[in-house]
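Asks: Kindly generate the corresponding structure for this input.
(chains A and B)
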Amino acid sequence: MRPAGVAIAGAAESDLGQVAPGLTPTDLMAQASLRALEDCGLGLADVDGLYAASTQLPWASLNLGEALGIRTARTFDSTQVGGGSPLAHLAHARAAIERGDCEVALIAYGSTQRSVGRDKASVQEVSEWEAPYRPMLPMTAYALAASRHMHEFGTTPEQLAAVAVSAREWASSNERAWTYGKGPLTVADVLAAPRLCDPLGVKDCCLLTDGGGALVVTGAERARTLRQPPVHLLGAGEASTHRHLSSMPSLVETAAVQSGARAFAQARLTVADVTGVQLYDAFTITPILFLEDLGFCAKGDGGPFVASGAIAPGGSLPVNTNGGGLAYQHPGMYGLLLLVEAVRQIRSGAHDVVLGHGNGGVFSGQNTVILGSAATV
Amino acid sequence: MESPARTFAGHASRGELAYQVDAAGLPLWPPQVRGAGWRVSDGLGTVHATTTIRRAGEDPYDLSLVDLDEGVRLMSRIVGIAPDAVRVGMRVRLAWDGEVPVFVEDLAQGARAPSPGAPSPGSDGL
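Replies: Model prediction:
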C-alpha cells in the first residue's frame, strides 16, 4: 500500500497568448487561482498554503496571497528554479501537507512575457565567467548541448526539427494553442527558418506568450470528496547539478536521470507503466535528452526516436499532447501549463499514469512528477 | 578573504590563465571560494561544444566550451577563423582579447588528440 499522499483537486489556466493590456503577472495568477478553486469546489478561505514563482515576481507567493486576500496562509514558498518551478512546488506542497503544515495548497503562476517583452520579463543573474563571450541565453546553452549530442551520437538537425513538427501536429487539434490554425509545419520549414544559435533556428525555440495557471493540492482523502476526480501524486523527484552551462557535468546527460529515478522509485512504477508524457520543451533538443534520461529510449537514440513519429499524434508515446511550449503556449516558464495538461490527460480517462518533467535554467533544475488516476492508488 | 575573481584577474594581467584545484588536487572552474590552490594552464585544449551566434545587425560570432588539457571546461570564443568553421574536437591554443581568454585553432598539433584514456572533465567528479 502506498501512503495516502496528496492529489491535485483543481486545475485551471488563466487567459493565454496575448492578454488584455495592463494585466499583470499577479492578475493572471489570481484569475487562474479563482478558476482552479471553482474547478474543485473549494474557496479562498480553505487555502492555507501558497506556492508561486515568476521571473517577474521575486516575492511571488506573497503577491499571490495579497491578490487573493488570503491572510490565513500557514506556509508559503517562492522557490525559483526556473521553468520547472511549479513541479518543485508540487513536491514541496506534498511535504507540507504530509507534515501538517497546511491542508490546501495553492500553486500558481503568471507571466506577461509577450506583452512586456522578454528582456524585461526574464531578468536572471549572469555568470561573470560567461558574460564576456555574449551568450544569447538560454538558447546558446541548448545549442551547445545540441552540438555535443550531434557530435557524440550523430543526431541531425532534421531529427531536432521532428520535435517541432510533432508539437505543431498536436497543437493543430487544440483551439487554445497559439499556433492553432497556422497550418502544418514541415521539417523543411524548421530548417529554412532563420538560424539564431547553430544548430538551432527560430522554429527550434519555444513560443513567447503571456499566461498562467493554478493547481489546488490537498490530501488524497479530502480530494476524493471534491468536485473533480483526484489526480494523485504518485512520485516526485528533484535533482540539480549546476546553475550555468559551463558547470554542467555532461552536456548530453541531464539530472533528469536522477529526478526521474527518484520519482519512479517513489511511485513504484517503471517507464512501461507510463502512457502519457509531458516534457518541458523549451528547445527541440530538450525533449530528446529527457526521453533518453528518463528511460523512454536509450542514450543517444533520442534523435531517431522522435524522427520515427513515436511522440507525434498516432505514435507509440503521446508527448506534449497540447502542443507543448513549442506550439501551445510558453509564458516565460512552462511548468504549470505542463501540469494542467497532465491533469487533463488523466481526467479524460485516456491515461492512468502520466509523467511530467520540468526543466529550469540551462538544464539546471530537473523536476519529475508521476501522476495517476484513482485506479492507481 | 581575497575575491577569487580578483586573483584570477591578477594572473590574467600577466598573461596567465589561472585555475584552481580542490583539496584533492582536482581542477575547479570557475574560480570559487572552495578552491584550495591555484595553477597556471599551459593554454592547450579541445573544443567540447560550439555554436555560432547570429544576432540581428551583427556579424555572426563563435561561442564554444573548451576543455583545457588540465581538466577545466570553460566558456570561451575561438577567434581567427570563421565561426561556423569551428568544430567539436578541434585542438585550440590560448590567446587573449585584452584580459579575456579566447582561443585560436592550434594548427601545430591539430592532428594530436588528447590521450585516449584521459578522463573528460565532468566524468571524474568535477
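Asks: how about B:P27, what does it touch?
Replies: B:Y19, B:Q20, B:V21, B:R39, B:L68, B:E70, B:G71, B:V72, B:P121, B:L126 (Cβ atoms under 8 Å, 6 or more residues apart in numbering or on different chains). C-betas here are computed from N, CA, C, even on glycine.
Asks: make it 6 Å
Replies: The contact partners of B:P27, by Cβ atoms under 6 Å, 6 or more residues apart in numbering or on different chains, come to B:Y19, B:V21, B:E70, B:G71, B:V72.
Asks: quick one, what contacts the last one?
Replies: Shown here is B:V72, whose contacts under the criterion Cβ under 6 Å, 6+ apart are B:Y19, B:P27, B:W29.
Asks: Which secondary structure state does the first one sit in?
Replies: Per DSSP: H, G, I helix; E, B strand; the rest coil, the local secondary structure of B:Y19 is strand.
Asks: how near is it to chain A?
Replies: Separation of B:Y19 from chain A (Cβ to the nearest Cβ, to the nearest Å) stands at 11 Å.
Asks: How about the last one?
Replies: If you measure B:W29 against chain A using Cβ to the nearest Cβ, the figure is 7 Å.
Asks: Based on its surroundings, how many neighbours for that residue?
Replies: Number of residues near B:W29 (other Cβ atoms under 10 Å in any protein chain shown) recorded here: 20.
Asks: pretty sure it is touching B:L74, no?
Replies: Yes. B:W29 lies in contact with B:L74 (Cβ atoms under 6 Å); the separation is 5.5 Å.
Asks: Any residue of the top strand by length along chain B touching chain A?
Replies: When chain B is parsed with DSSP state E, its longest strand is strand B:44-53. Yes. Residues of strand B:44-53 contacting chain A under Cβ under 6 Å from any Cβ of the partner chain: B:A49, B:T50, B:T51, B:T52, B:I53.
Asks: Buried residues, the helix or strand following that strand. List them.
Replies: Next helix or strand after strand B:44-53 toward the C-terminus (DSSP states H and E): strand B:61-68. Using 16 or more other Cβ atoms under 10 Å in any protein chain shown as the test for burial, strand B:61-68 gives B:Y61, B:D62, B:L63, B:S64, B:L65, B:V66, B:D67, B:L68.
Asks: Please list which of these also come close to chain A.
Replies: The residues of those that also fall near chain A, by Cβ under 6 Å from any Cβ, are B:L63, B:L65.
Asks: Which of the buried residues of strand B:61-68 sits closest to chain A?
Replies: Distance to chain A across the buried residues of strand B:61-68 (Cβ to the nearest Cβ) is lowest for B:L63, with 5.1 Å.
Asks: pLDDT wise, what is that closest one at?
Replies: Per-residue pLDDT puts B:L63 at 98.
Asks: follow-up on the earlier one: top of the residues of strand B:44-53 next to chain A by number of neighbours, please.
Replies: Busiest of the residues of strand B:44-53 next to chain A [other Cβ under 10 Å] is B:T51, holding 31 neighbours.
Asks: Now for the residue nearest to that one when sequence neighbours are not counted: which residues touch it?
Replies: Ranked by Cβ to Cβ, 6 or more residues apart in numbering or on different chains and with sequence neighbours excluded, the top spatial neighbour of B:T51 is A:A143, at 4.0 Å. Shown in contact with A:A143 (Cβ under 6 Å, 6+ apart): A:C197, A:L200, B:T51.
Asks: tell me which residues of stretch A:291-304 are tucked away?
Replies: Buried-residue list, stretch A:291-304, by 16+ other Cβ under 10 Å: A:L291, A:E292, A:D293, A:L294, A:G295, A:F296, A:C297, A:G300, A:D301, A:G302, A:G303, A:P304.
Asks: cool, and stretch A:237-251?
Replies: Per 16+ other Cβ under 10 Å, stretch A:237-251 contains these buried residues: A:237-251.
Asks: ranges for the helices of the stretch 51-200 of chain A?
Replies: When secondary structure is read from DSSP state H, counting those that start in this stretch, the stretch 51-200 of chain A shows helices at A:60-68, A:85-99, A:113-116, A:118-121, A:139-153, A:157-171, A:187-192.
Asks: Worst mean pLDDT among these?
Replies: Minimum mean pLDDT among those: helix A:118-121, a mean of 84.
Asks: is any part of it close to chain B?
Replies: No. Helix A:118-121 lies out of reach of chain B by Cβ under 6 Å from any Cβ, never closer than 13.1 Å.
Asks: So which of the buried residues of stretch A:237-251 are in helices?
Replies: Cross-referencing the buried residues of stretch A:237-251 against helices under DSSP state H gives no overlap.
Asks: just those residues now: which is nearest A:M136?
Replies: Closest approach to A:M136 among the buried residues of stretch A:237-251 (Cβ to Cβ): A:L245, at 12.1 Å.
Asks: Return the distance of that closest one relative to chain B.
Replies: Using Cβ to the nearest Cβ, we find A:L245 at a distance of 7 Å from chain B.
Asks: And for A:L23?
Replies: The gap separating A:L23 from chain B is 29 Å, by Cβ to the nearest Cβ.
Asks: Find the helix or strand that that residue is a member of.
Replies: For A:L23, there is no helix or strand it lies in under DSSP H and E.
Asks: So what's the residue count around it?
Replies: Neighbours of A:L23 under the rule other Cβ under 10 Å: 17.
Asks: what about residue 91, neighbour count?
Replies: Since no chain was named, I'll use chain A. 23.
Asks: wrong one, I was asking about chain B
Replies: B:R91 is flanked by 20 other residues according to other Cβ under 10 Å.
Asks: surely it meets B:V104?
Replies: No. Contact between B:R91 and B:V104 fails when scored by Cβ under 6 Å: they sit 10.3 Å apart.
Asks: what does the stretch 251-377 of chain A have sitting close to chain B?
Replies: So far as Cβ under 6 Å from any Cβ goes, the stretch 251-377 of chain A lies against chain B at A:L251.
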